[in-house]
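Peer 1: after the sequence you'll find the predicted model.
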Amino acid sequence: MTWLRSMFEHFRAYHSHGRAYIEYTGMVGVAAFPLFYLLRFTKSLPPYDDLWLRVLAMLICAGLATRRYWPERLKPYYIAYSYGALLYCLPFFFTFTALANGGGVVAVANTMMATFLLILLTDWRNTIVTFVIGTVGAALLYAALVPNPVVPMDYAARLPILVLVIIGGSLFKFVEKQAEAEKIKRTYRALAGSIAHEMRNPLSQIRNNLDRIQRALPQPTTSLEPQPLSAVQADALYRLLAESELAVNRGLQVIAMTLDEVSAKPIDSRDFRLLSAAEATRKAVEEYGWDSMDERSKVDVHVIDDFTFRGDETAYLFVLFNLIKNAFHYMTLKPDATLSFVVEGRQVRVRDSGPGIAPELQAELFEPFNSAGKSGGTGLGLAYCRRVMRSFGGEIDCESVVGEYTVFTLRFPPVNEEATLAQRQATHDAAHAALHGKHLLIVDDDAMQRMITRHKLQPLQMSVDEAESGRRALELLATRHYDLVLLDLNMPVLDGYGVAQRIRAAQDPRHRNVRIVAHTSEPAHLAAVKARKAGMDGFVGKPCAQLPLMQALQSAMATPARLGHDAAPLAGRRILLADDSAANRKAVAAYLRHAGAQVGEAAHGQAVLDLLHSGGEWQAIVMDLNMPGMGGLEAARAIRTSGAAWRDIPIVAVTAYSDAETAAAARQVGMDEILTKPVEAGVLFAKLGQLTGDRQRAPSSHTAQVQQGEELLDVDRLASYCRIGMLEELLNEFLPEIGRLVDRLDQSHAQRDFQSSLDTLHSLLGMSGEAGATALYHLVRRVYVPMVEQRNWPSASDWVEHIRALAGRTEEALRAYGVQQTAVKAG
């Protein structure tokens, strides 16, 4: 049995790469088996009546052809089914019918065709095994069913030819497989080497920055006295942090670009929009992960004639990132070499004065796996550039003179002027709808800059005030309400960072929630890090065109209002985190706890199920897809099909794979969101906030929605009280007692009496559950269980107020339900 299991595993592995050959074979078989049966009526001497065999074969082929419609619980058995189906429909069927019909040329041809199909659909081992089993099985059945069986000599004489065909075909496939495996190995080796090479630079930069950060920190001491940093030290730390962040982004850019090209990930033109060539090119230069500011200083952007093109901004940025990376790889050979971008005449020319490219290498420059002599490269980058440009309807070509220069020219097709005007108008209309009537404060020490900015924003019909200094801005904020502050960062006396910090630290809620957009000519990567730290909501560089400025303000207005300077966006949530990497769990758990969440950890899918079964209430699961034992997909499927109360819990998938197949598989098993590693904390918080916030999950079957107090009550439980005549008693006794318990809880909390609060919550938990107050029961449980487990007060300060408010709504809903039932009885 071991060798049979081994054969089956080889067959499974042969069909594990998404080939649809078996399904296509099933489709052909459904039509071919009945069709060829009709040929028997064209012959003077009817052949053996094999209708029963053909009907069975047709039904089996129908099963092969309809794989996508199989129930999920049966799909794991499809490969085993197909193994038996091929054995029956090819060697067994055609050998038996050939013997039953007395051989002949047609029988030999049919058997030969079946053999070729068998070679195509199985690995070389299983070709031999299935042919032998099918042929011997057919011969034995023929001998058992047909009186006086006779082996046709012409058919038997050609048996050695079939054997030679099988041996030759199997040998050919074996050699081809070995060659393919070697090619794949070389490709993987080149790909791994390229990624390792590209990642070595940013990792080295991060290591060097960590050394510099260590030198910038104060001297260590055992004293508990604070050691304030000097302004110079703080600025150095921010700069090193920004450079490290850029290094990480550069590594991620390289990985994303390489994986997109290797997987031939399609570029979806439905997401294309009109882009300014000048703005997109400047953005690429600003956001590229430069090794040093000296490297950045060698790059210039010249806009002679801006134009718009239709495309995807991220894909275009990746094209320019790749050209920049290649240029600087070779420019190291000429220390005085420079790189320039010229935007003119529906073209973007990328010119470097490096060593140039030899003519014999230029012809195949854009072919995959051609690295033009670049050590450690895969040659995928320029192939990706060509694929992107062609998806835009354009082209890319190269001109180079050895020892002088290299120019890559990106050519774009013309764009309909009406489409350009329509998009500009749509952008303006969206910004106008979001910002019309809003109060804006422009803070800048440059009067001309304030005037220009006011003029750009005039079409939005905002109420605009100006402040010439940080102190004046704070004075205006103290006297009136503003929705937005457009804040220059570099001002004398009190700079923009100081203004933002004072706004966020203010006790007046009018100031605390104002959206702040940084407006500066500082290097974007450095200013963005500082702006985030200071509590700003957006960033826009100087100079800035009208539409990007409008979009930056619109985007800032769309950000959620801040809950306070030390706001915890996930306060009160219990998040279950699953990842087989302890380091990953530690990092993500730290993010979540910093956001106020209580975090449980699991190393695999089965541990997730165990924690859910243990009875603790969780608001969401953050789960890696690839874990040992039960992975994320299997765990999510088990959760969704469990029938338990937690079957609808929100699940966020976290994976290193960004391909469409992985996303589709996660969606199919019921995961709510898919995030790609490394996960940005802000994105994770936003997703979890959406999934666990005010929006309620679909109610389970035992909780109905009623006109009054929707989703507050367990109507099934209340209906049972009606049937036994206890509803009136419930309303008269339970409701006043719930009110008294809430009052007692408020008093215990005010006195900081922890044990009394626990006792009161325990009573309230039981009372609300018995009364059918489902929402109140779950809220009290979310507070009570962590207090019992951690022996600590909830982190949120207003948890008692939430319980009181919900208790009030619950009382109204229960009394309304009582009135409704009384009316029903009276009717």
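Peer 2: It's in. Quantities reported herein were computed from a predicted structural model and do not represent experimental measurements.

Peer 1: could you report the neighbour count for the nearest residue to S269 once chain neighbours are set aside?
Peer 2: Leaving out its chain neighbours, the residue that sits closest to S269 by CB to CB, 6 or more residues apart in numbering is S391, at 6.5 Å. C-beta coordinates here come from the backbone N, C-alpha and C atoms, glycine included. Other residues near S391 come to 16 when the count uses other CB atoms under 10 Å.

Peer 1: distance check, S391 against A277.
Peer 2: Noted for S391: a distance of 16 Å to A277, by CB to CB, to the nearest Å.

Peer 1: ok, Q598 next?
Peer 2: Following CB to CB, the distance that separates Q598 from A277 is 49 Å.

Peer 1: what do you get for A80?
Peer 2: Counting by CB to CB, the gap from A80 to A277 is 56 Å.

Peer 1: between those two, tell me which one has more neighbours.
Peer 2: Between A80 and A277, counted using other CB under 10 Å, A277 has the larger neighbour count: 23 against 12.

Peer 1: contacting residues around that one?
Peer 2: 306-309, 343, 348, 412 (CB atoms under 8 Å, 6 or more residues apart in numbering).

Peer 1: could you do A656 as well?
Peer 2: Counting by CB under 8 Å, 6+ apart, A656 touches 626, 676-677.

Peer 1: most neighbours of all those residues, which one?
Peer 2: Neighbour max across these (other CB under 10 Å) = T676, 17 neighbours.

Peer 1: and the pLDDT for that one?
Peer 2: Note for T676: predicted pLDDT of 80.

Peer 1: any idea what it is bridged to?
Peer 2: For T676, the beta-bridge partners under DSSP bridges are T655.

Peer 1: hmm, it is touching V652, no?
Peer 2: No - using CB atoms under 8 Å, T676 makes no contact with V652, being 11.6 Å away.

Peer 1: any idea how far A433 is from the closest residue to A430 other than its chain neighbours?
Peer 2: Sequence neighbours aside, Q554 is the residue nearest to A430 in space, at 6.6 Å (criterion: CB to CB, 6+ apart). From Q554 across to A433, the span is 9 Å (CB to CB).

Peer 1: same check, this time on M451
Peer 2: In terms of CB to CB, M451 sits 26 Å off from A433.

Peer 1: and these two? which has more neighbours close in?
Peer 2: A count of neighbours by other CB under 10 Å puts M451 above the other of M451 and A433, at 13 against 10.

Peer 1: which of the helices or strands spans the residue nearest to A430?
Peer 2: Assigned by DSSP states H and E, Q554 falls within helix 546-558.

Peer 1: what is the mean pLDDT for that helix?
Peer 2: On average, helix 546-558 scores 85.

Peer 1: contact partners of that helix?
Peer 2: Contact partners of helix 546-558, identified using CB under 8 Å, 6+ apart, comprise 279, 424, 427-428, 430-431, 434-435, 438, 440, 453, 456-457, 460, 483-484, 486, 515-517, 537-540, 544.

Peer 1: immediately after it, which helix or strand?
Peer 2: Criterion used, DSSP H and E; the element after helix 546-558 is strand 574-578.

Peer 1: burial of T427, as a residue count?
Peer 2: Count around T427 with other CB under 10 Å applied: 18.

Peer 1: quick check: closest non-adjacent residue to it.
Peer 2: Excluding the flanking residues, the one nearest T427 by CB to CB, 6+ apart is L547, at 5.4 Å.

Peer 1: count of residues packed around that neighbour?
Peer 2: 16.

Peer 1: ok, it to R424 distance?
Peer 2: In this view, L547 and R424 are 7 Å apart by CB to CB.

Peer 1: cool, L477 as well?
Peer 2: 33 Å.

Peer 1: what does C722 give?
Peer 2: Applying CB to CB to C722 and R424 gives a distance of 63 Å.

Peer 1: between the two, tell me which one has more neighbours.
Peer 2: For C722 versus R424, the count of surrounding residues by other CB under 10 Å is larger for C722: 17 against 14.

Peer 1: and V232, what is it in contact with?
Peer 2: Going by CB under 8 Å, 6+ apart, V232 touches no other residue.

Peer 1: quickly find the element holding it.
Peer 2: Per DSSP H and E, V232 falls inside helix 231-262.

Peer 1: the very next helix or strand once past that helix: how far from the chain's middle?
Peer 2: Later in the chain than helix 231-262, the nearest helix or strand by DSSP H and E is strand 273-276. Remark: strand 273-276 is offset 24 Å from the chain centroid, using CA atoms, centre = their mean, to the nearest Å.

Peer 1: center of the chain, which residue is that?
Peer 2: L675 (3.3 Å; CA atoms, centre = their mean).

Peer 1: how close does it sit to R573?
Peer 2: L675 sits 17 Å away from R573, going by CB to CB.

Peer 1: same question for S391.
Peer 2: 41 Å.

Peer 1: now do stretch 521-529, average pLDDT.
Peer 2: Per-residue scores along stretch 521-529 average to 70.

Peer 1: quick one: low-confidence parts of the stretch 1-150 of the chain?
Peer 2: The stretch 1-150 of the chain contains residues with pLDDT under 70 at 1-3, 16-19, 43-44.

Peer 1: show me where it has helices.
Peer 2: For the stretch 1-150 of the chain, applying DSSP state H, counting those that start in this stretch gives helices covering 2-14, 21-37, 51-65, 78-87, 93-100, 105-121, 124-145.

Peer 1: which one of the ones you listed lies closest to V285?
Peer 2: Nearest of the helices of the stretch 1-150 of the chain to V285, taken as CB to CB: helix 2-14 at 47.4 Å.

Peer 1: give the buried residues for the helix holding Q554.
Peer 2: Of all the residues in helix 546-558, those buried under the rule 16 or more other CB atoms under 10 Å are 546-557.

Peer 1: which one of the residues you listed sits closest to E72?
Peer 2: Comparing the buried residues of helix 546-558 against E72 with CB to CB places S555 closest, at 41.0 Å.

Peer 1: for E182, grab the count of nearby residues.
Peer 2: Neighbours around E182, by other CB under 10 Å: 10.

Peer 1: helix, strand, or coil at it?
Peer 2: Assigned with DSSP: H, G, I helix; E, B strand; the rest coil, E182 falls in the helix class.

Peer 1: what separation is there between it and F734?
Peer 2: Taking CB to CB, one finds E182 at 76 Å from F734.

Peer 1: need the contact list for the residue of the chain positioned farthest from its centre.
Peer 2: Centroid-distance maximum for the chain: N148 at 67.5 Å, with CA atoms, centre = their mean. Taking CB under 8 Å, 6+ apart as the definition of contact, N148 has no neighbours.

Peer 1: adjust the sequence numbering to begin at 64 for everything that follows.
Peer 2: Done: numbering now begins at 64, and the last item shifts to N211.

Peer 1: phi and psi next, for it.
Peer 2: Backbone torsions of N211, given as degrees, to the nearest 10, read phi 50, psi 60.

Peer 1: now V364
Peer 2: Dihedral angles for V364 - degrees, to the nearest 10 - are phi -120, psi 120.

Peer 1: distance of it relative to K605?
Peer 2: Separation of V364 from K605 (CB to CB) stands at 15 Å.

Peer 1: same check on Q521?
Peer 2: Q521 is 19 Å from K605, by CB to CB.

Peer 1: who has more neighbours out of the two?
Peer 2: Legend: neighbour count by other CB under 10 Å for Q521 and K605, higher for K605 (17 against 11).

Peer 1: backbone dihedrals for that one, please?
Peer 2: phi -110, psi 140.

Peer 1: spatially nearest residue to it (excluding sequence neighbours)?
Peer 2: Closest to K605 by CB to CB, 6+ apart is S584, at 4.1 Å.

Peer 1: wait, the one you found sits on G604?
Peer 2: Yes - using CB under 8 Å, S584 is in contact with G604, at 6.7 Å.
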